[in-house]
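S.K.: build the 3D model from these lines:
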Amino acid sequence: MDQDNLHVAIISSPGMGHLIPVLLLRQRLVTHHRLIVTVLAVTTQTSPVESQLLTSVTNSTDINLIKIPLPDISNLLVPNDAIVTRLAVMMREARSGIRSAISTMNPRPHVLIADLFSSDVLPIADDFQLQKYVYVPCNARFVALTMYLHVLDNEVKGQYVDQTKPLRIPGCVPVRCQDVPDPMLDRDNRQYHEYVRMGINFSTLSDGVLVNTWKDLDPTSLDALKHNEILRSVVKVPIYDIGPLAREVDEANLEGNEVIKWLDKQPFESVLFVSFGSGGTLSGEQITELAHGLELSQQRFVWVIRPPTDVTKDGTFFTSGSGPDKPPDFLPEGFLDRTQKLGVIVPLWAPQVTILNHKSIGGFLTHCGFNSVHESIRGGVPMIAWPLYAEQRLNATLVSEELEVAIRPTVLPAEEVVGRKEISKMVRSLMEGEEGKVLKEKVKLLRESGNEALSMNGSSYKSMCEFISCCKKKMKSD
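M.R.: Okay, here's the model as predicted:
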């Protein structure tokens with residue numbers, strides 16, 4: 001099938017966790033399906049790491065990227081507005097810049113793909129007679145819940161977190177109320193209404209939804225999105241499972257990296273990697289308990305650490321960056337001296353994909369952002385699920401209770417402090433216990449399943465081909 005002339009524009013909302021999936025989708029479309037792809041990246045210019053990534057992409061000779069500057073939105077927000085609200089406002093205010101960028105593109109794209117926080121941008125496609133899709137780099141259960149939420153909004157009385165029974169989505173595994181994404185925690189908050197609006201946009205403003213998942217990750221939800229009559233009456237548009245799209249190991253710029261050099265000297269699968277993503281933060285008390293827990297476990301570790309915050313669990317979402325080389329001063333007294341032979345502390349940022357694919361890594365203590373979940377599975381690394389914000393509780397339940405490739409604390413880390421003894425027990429169980437061995441076997445089988453889905457005859461490859469074929473047919477008919 002000749003696909004060389006199909007031109008796709010993909011819009012990314014601000015944040016490393018949003019830009020990376022868009023770049024992965026772009027890479028997949030270019031390298032495996034020979035499409036022309038342009039990325040339109042809305043950026044706040046507040047994250048050093050995001051700025052470095054954008055600069056490297058801009059300087060690349062084979063990537064078409066247009067940076068969309070964000071207008072001043074300070075008068076449209078109040079200080080306590082949550083992330084979903086801020087992102088929604090940002091993307092609505094960026095519409096003029098996006099429209100202007102598309103108007104000057106030559107050749108003009110045939111297809112516009114908006115990431116999940118950019119759905120309000122989709123009507124721009126009508127101005128240029130473009131096809132329009134949404135790309136959601138999350139699991140199928142999140143997509144089903146998001147698109148069905150306006151129905152629940154009419155059916156459920158009171159706060160979701162106060163319900164005594166799980167939320168039922170036709171054809172899907174019921175969602176426990178404690179697992180709902182952050183915007184559903186308070187129906188009186190502005191971000192809840194933005195989230196409901198977003199789910200409605202997916203089905204009313206788009207020609208289809210691309211989901212970064214594959215059939216074996218959550219087969220029940222994916223099947224319901226595609227075939228359940230009741231859910232389909234709400235979803236309406238085609239669903240394309242195209243994942244798992246995850247970053248590959250990049251050996252460039254790692255020469256002399258002290259963490260990799262240290263890992264090279266450690267025994268096979270003996271090191272626990274600890275990281276809470278580009279935006280996750282812990283309280284000072286939780287950092288202290290985590291430090292003592294790692295020390296008590298006597299297991300090797302690499303810990304990417306950020307200064308504590310007691311305000312929010314997503315405290316560095318828009319400001320994450322590389323940090324100082326000096327050891328942090330907020331760790332327990334004497335911790336660094338006592339653990340200098342056990343572990344390595346890395347301020348703020350580390351090459352996560354390379355670390356997760358290193359032979360010395362045997363476990364990953366993660367916030368369960370979906371990028372990190374994919375990267376852990378693709379690396380064949382079992383997890384300790386430590387959800388903090390967004391849809392991470394949904395992800396944690398999926399990987400720990402259904403896929404059984406992770407263990408998790410008995411309390412929700414976003415609500416209660418996880419104690420050092422429990423941390424030590426989980427780490428030892430994962431790294432040297434029988435439970436850990438079972439998890440490792442299952443995650444490696446899941447890795448093979450993901451690889452198979454992306455192969456030439458795999459389900460995700462075929463689904464992507466269906467999407468492209470649909471776009472080609474519409475392009476020729478216009």
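
S.K.: tell me where the stretch 51-200 of the chain has strands.
M.R.: Assigned by DSSP state E, counting those that start in this stretch, the stretch 51-200 of the chain shows strands spanning 64-69, 111-115, 131-136.

S.K.: can you tell me the strand partners of the shortest one and which way each runs?
M.R.: Strand pairing for strand 111-115, using DSSP bridges, gives strand 7-12 (parallel), strand 131-136 (parallel).

S.K.: Three-state assignment for Asp201, please.
M.R.: In this structure residue 201 is Asn, not Asp. Of the three states, Asn201 takes helix under DSSP: H, G, I helix; E, B strand; the rest coil.

S.K.: re the thing from before, deepest of the strands of the stretch 51-200 of the chain, which one?
M.R.: Most buried of the strands of the stretch 51-200 of the chain by mean neighbour count (mean count of other C-beta atoms under 10 Å) is strand 111-115; its value is a mean of 27. Every residue, glycine included, has its C-beta placed from N, CA and C.

S.K.: pull the residues that contact that strand.
M.R.: 6-13, 18, 21-22, 25, 102, 121-122, 124-125, 128, 130-137, 206, 210, 471 (C-beta atoms under 8 Å, 6 or more residues apart in numbering).

S.K.: same check, this time on stretch 465-478
M.R.: Taking C-beta under 8 Å, 6+ apart as the rule, stretch 465-478 contacts 1, 3, 6, 8, 33, 35, 110-111, 129, 131, 133, 207-208, 210, 238, 240, 242.

S.K.: just the ones of those in helices?
M.R.: Of the contacts of stretch 465-478, the ones assigned to helices by DSSP state H are His33.

S.K.: including mean pLDDT, could the strands of the stretch 51-200 of the chain go into JSON lines?
M.R.: Shown next, in JSON lines, are the strands of the stretch 51-200 of the chain (pLDDT from 0 to 100):
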{"stretch": "strand 64-69", "mean pLDDT": "93"}
{"stretch": "strand 111-115", "mean pLDDT": "98"}
{"stretch": "strand 131-136", "mean pLDDT": "98"}
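
S.K.: for the ones you listed, give me JSON lines that also has distance to Cys465.
M.R.: Putting the strands of the stretch 51-200 of the chain into JSON lines (distance: least, C-beta to C-beta, whole Å) gives the following:
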{"stretch": "strand 64-69", "distance to Cys465": "23"}
{"stretch": "strand 111-115", "distance to Cys465": "15"}
{"stretch": "strand 131-136", "distance to Cys465": "15"}
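
S.K.: closest one to Asp216 among those strands?
M.R.: Among the strands of the stretch 51-200 of the chain, the nearest to Asp216 by C-beta to C-beta is strand 131-136 (18.1 Å).

S.K.: how far out from the middle of the chain is the closest one?
M.R.: 17 Å (C-alpha atoms, centre = their mean, to the nearest Å).

S.K.: and Met91, how many neighbours?
M.R.: Residues lying near Met91 (other C-beta atoms under 10 Å) number 24.

S.K.: that one and Ser118 touch, don't they?
M.R.: Yes: using C-beta atoms under 8 Å, Met91 is in contact with Ser118, at 4.9 Å.

S.K.: how is the chain carved up into domains?
M.R.: 7-245+452-477, 258-432 (automatic domain parsing).

S.K.: out of these, the one nearest Leu439 is which?
M.R.: That would be domain 258-432 among these, by C-beta to C-beta, at 3.7 Å.

S.K.: pull up the distance across the closest one, start to finish.
M.R.: 26 Å (C-alpha to C-alpha, to the nearest Å).
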